[in-house]
Structure formats: structure tokens, C-alpha cells
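Fold the following and give me the result.
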Amino acid sequence: MKNPKYLDEAFEIITKEMLETFLKKHKDYGKGNILDMGELGIAFRISEKFNRIKNLLMTGRKPENESIDDSWIDIGVYAVIAILLRRGWFEKLNVEKD
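All right, here's what the predicted structure looks like:
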């Protein structure tokens, strides 16, 4: 992992990880899982991720599956998807490299 010199560079590294996660999971899930329940479904998914993080941090347990960083990345990806959905872009647009 690259060590950034500046905060904006660090932010760019994380958003690149978010895009990579989105593209990887989009191949597996497609749009159906989001379009089925829409924004409310996204809110539930974020809530589940948040509760997982909260439980791990409060108990001090080590995660057995995905890392805490992975969960935070997922929350960020869901937040972007929610904005895409609210703007009508998620339904209309496809991934360029599909």
C-alpha cells in the first residue's frame, strides 16, 4: 500500500479502492439487488455494516471474514450508489467495461 504525502492523495487512494470494490461486486450482483428495494435497501445494508463495525470495535473481537476497512469501504460504496440512484443515474447507466 502506498503511503500518501497529502490528504487529497490519501482520499484519492481510498476512492480508487471504493471504485474497485464497486466494479468487482457489480459483476457478481448486477443492478437487481439495489433496484429491488431501492434507497431503503441501501439504508438497511449500511445499517448492517455499521452494526458489524460497532460490534467489532466495542467487543475488541477480530473479524473472521472481511476486515473493518472492507466494511467501511462497503459503506462508502453504498453511499455513492444511493446518490447515483437518487439522481436517476444508477438505473440508466451501465458500467463501461461490462
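
continuing past the biggest helix by length in the chain, what's the next helix or strand?
Determined from DSSP state H, the single longest helix within the chain is helix 32-59. Going down the chain from helix 32-59, the next helix or strand is helix 68-86, by DSSP states H and E.

now that following helix against helix 32-59, angle please.
Put simply, helix 68-86 runs at 140 degrees to helix 32-59, going by axes from the mean of the first three to the mean of the last three Cα atoms, to 10 degrees.

Pull the number of nearby residues for Asp74.
21 (other Cβ atoms under 10 Å). Glycine gets a C-beta too; all of them are placed from N, C-alpha and C.

which non-adjacent residue is nearest it?
Lys49 (5.3 Å; Cβ to Cβ, 6 or more residues apart in numbering).

Measure how buried that neighbour is and give me the count.
21.

For it, give me its contacts.
71, 74-75, 78 (Cβ atoms under 8 Å, 6 or more residues apart in numbering).

Which pair of those residues spans the longest distance?
Spatial extent of the contacts of Lys49 (Cβ to Cβ) is set by the pair Ser71 and Tyr78 at 10.6 Å.

quick one, phi psi at Lys5?
phi -90, psi -30 (degrees, to the nearest 10).

Can you list the low-confidence ranges for this protein?
Applying pLDDT under 70 to the chain flags residues 1, 98.

what do you get if the cut-off is 90, keeping everything else the same?
Along the chain, segments meeting pLDDT under 90 span 1-2, 96-98.

Glu9 - how many residues pack around it?
What Glu9 shows, counting by other Cβ under 10 Å, is a neighbour count of 11.

Over to Leu7?
8.

Same check on the one 3 residues further on?
The number of residues packed near Ala10 is 13, by other Cβ under 10 Å.
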